[in-house]
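Student: coords please:
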Amino acid sequence: EQNKEKMSTINVIRNKLLARIFAVVKRGTPYVDTMRYAA
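Tutor: The predicted model follows:
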């Protein structure tokens, strides 16, 4: 049960990363880390 939650969390993070990677490749623009400049 705990392993299932861990894998679910990993999948959510993986999907977010893939979405950002594909967006950058599709647009042809560099990735900007907006969280770095958050107050």
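
Student: how near is G28 to L18?
Tutor: Distance from G28 to L18, counting by Cβ to Cβ, to the nearest Å: 17 Å. In short, each C-beta sits where N, CA and C put it, glycine included.

Student: now K4
Tutor: 21 Å.

Student: pLDDT of stretch 26-39, averaged?
Tutor: Per-residue pLDDT values over stretch 26-39 give a mean of 78.

Student: next, the buried residues of that stretch.
Tutor: Neighbour counts over stretch 26-39 (16 or more other Cβ atoms under 10 Å) mark no residue as buried.

Student: hmm, who's touching that stretch?
Tutor: R20, V24 (Cβ atoms under 8 Å, 6 or more residues apart in numbering).

Student: cool, stretch 9-20 as well?
Tutor: Y31.

Student: what residues sit buried inside the helix or strand containing N15?
Tutor: Assessed by DSSP states H and E, N15 sits inside helix 2-27. Residues of helix 2-27 include none that count as buried (16+ other Cβ under 10 Å).

Student: fine, thanks again, bye for now.
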